[in-house]
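Peer 1: Below are the sequence and a predicted model; questions follow.
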Amino acid sequence: MSISGVLSGQVALVTGANSGIGKAVAIELAKAGAKVGINYIAQEEATQAVLKEISDFGGEAIALKADVSKEEEVQSMFQTLKVHFGVIDILVNNAGIQRDSSFAEMTLDQWQMVLNVNLTGQFLCSREAVREFLQKDPNKTNSKARGKIICMSSVHEVVPWAGHANYAASKGGVKLLMQSMAQELAPQKIRVNSIGPGAIKTTINYSAWSNPEAEKELLKLIPYKRVGDPVDIGKAAVWLASDESDYVNGVTLFVDGGMTLYPGFTTNG
């Protein structure tokens, strides 16, 4: 397997990168030539497996254990990344959790935990990345932009989701956090965008696609009639991190097979 070089010489950090979408993003960034920080909070063995996979095709990566919802751990993670690889060029805010519940039964802990990781975590990591980006001479960078942030959102930044009010609220928050950062930071040559995955084959939603009957029901929501793979998101992240998307700023790229087209209305509602 060869490294493409479209991100050669750049340093990336991917949060929540030892499984699922984060793992695929980290691997695709490494394939594109970036040196990658693999953030994780648990499952050391899975993290080492990602590092080995990247190393096996000639890529460079390090493991960075940190809870993205904790300020001191985030700051320490960025310092470690800087010691190993230098100033960061790309941040992918991927770490996220679900704590599902009916609204009436949802506890404050369930609400707060999801907001802490999914929204506050993206704020903390983005703030540290921006502080690093601003240290760089905008005329002496490895890409046209001084820095790139990709926020992992969801189709549920626009699609309501009963039984998941905490998750949907967090992703709605990510949408306006991303857009507000993009608006403020664009004059500093910093680009901020989001990816909005639809149904992707990960362990978090395994029951929704793991057998033919469940997949058939899921496909009713997807006009393109296939469930996405994590690599679909990984490839989108490489494009958003590259100079090929240099004029793209402040948008959510939905990678969802058309889920946000509201397919229920194909028969006039």
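Peer 2: On my side now, so go ahead. Residues are numbered from 1 along each chain as shown.

Peer 1: What average pLDDT does the longest strand seen in the chain get?
Peer 2: Identified as the longest strand of the chain according to DSSP state E is strand 190-197. Averaged over strand 190-197, pLDDT sits at 98.

Peer 1: partners of it, with directions?
Peer 2: With DSSP bridges as the test, strand 190-197 is paired with strand 147-152 (parallel), strand 252-255 (parallel).

Peer 1: Distance from the chain centre to the longest one, please.
Peer 2: Computed by CA atoms, centre = their mean, to the nearest Å, the chain-centroid distance of strand 147-152 equals 8 Å.

Peer 1: And for that strand, what's in contact with it?
Peer 2: 21-22, 88-94, 96, 122, 126, 129-130, 132-133, 136, 174, 177-178, 181, 189-195, 197, 233, 237, 240-241 (CB atoms under 8 Å, 6 or more residues apart in numbering). Every C-beta, even on glycine, is put in place using the N, C-alpha and C of the backbone.

Peer 1: among those, which are in strands?
Peer 2: Going by DSSP E, the strands hold I90, L91, V92, N93, I190, R191, V192, N193, S194, I195, P197 from the contacts of strand 147-152.

Peer 1: Which strand residues bridge the last one?
Peer 2: This means P197. Bridge pairing for P197 - DSSP bridges - gives V255.

Peer 1: show me what contacts it?
Peer 2: I21, M152, S153, S154, V155, G228, D232, I233, V255, D256.

Peer 1: Over to the third one?
Peer 2: Counting by CB under 8 Å, 6+ apart, V92 makes contact with 12-15, 17, 22, 25-26, 29, 149-150, 152, 237, 241.

Peer 1: out of those residues, which is most surrounded?
Peer 2: V14 (35 neighbours; other CB atoms under 10 Å).

Peer 1: Quick check: bridge partners of that one?
Peer 2: Assigned bridge partners for V14, using DSSP bridges, are I38, V92.

Peer 1: start at 30 instead
Peer 2: With 30 as the first residue, the last one maps to V43.

Peer 1: any idea of the pLDDT on it?
Peer 2: For V43, pLDDT reads 98.

Peer 1: any idea how far D258 is from it?
Peer 2: Counting by CB to CB, to the nearest Å, the separation of V43 from D258 is 17 Å.

Peer 1: do D96 as well
Peer 2: Counting by CB to CB, the gap from D96 to D258 is 28 Å.

Peer 1: got any ranges where the protein has weak pLDDT?
Peer 2: By pLDDT under 70, the low-scoring segments of the chain are 30-32, 235, 238, 298.

Peer 1: Mind jotting down where the helices sit in it?
Peer 2: 49-60, 73-85, 100-114, 137-144, 150-162, 194-214, 241-248, 259-270 (DSSP state H).

Peer 1: Point out the most buried one among those helices.
Peer 2: Compared across those, helix 49-60 shows the largest average neighbour count, a mean of 26 (mean count of other CB atoms under 10 Å).

Peer 1: by how many degrees do it and strand 176-181 diverge?
Peer 2: Angle of helix 49-60 versus strand 176-181, following axes from the mean of the first three to the mean of the last three CA atoms, to 10 degrees, is 150 degrees.

Peer 1: Can I get helix 49-60 in PDB? Just the C-alpha atoms.
Peer 2: Only the C-alpha atoms of helix 49-60 are listed here, as PDB (Å, rounded to 0.1, in the frame of the first residue of the first chain):
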ATOM      1  CA  GLY A  49     -15.200   3.000  14.100                       C
ATOM      2  CA  ILE A  50     -15.200   6.200  12.200                       C
ATOM      3  CA  GLY A  51     -12.300   7.700  14.100                       C
ATOM      4  CA  LYS A  52     -10.100   4.800  13.200                       C
ATOM      5  CA  ALA A  53     -11.000   5.000   9.500                       C
ATOM      6  CA  VAL A  54     -10.300   8.700   9.500                       C
ATOM      7  CA  ALA A  55      -6.900   8.300  11.200                       C
ATOM      8  CA  ILE A  56      -5.900   5.500   8.700                       C
ATOM      9  CA  GLU A  57      -7.000   7.500   5.700                       C
ATOM     10  CA  LEU A  58      -5.100  10.600   6.900                       C
ATOM     11  CA  ALA A  59      -2.000   8.500   7.400                       C
ATOM     12  CA  LYS A  60      -2.400   7.000   3.900                       C
END
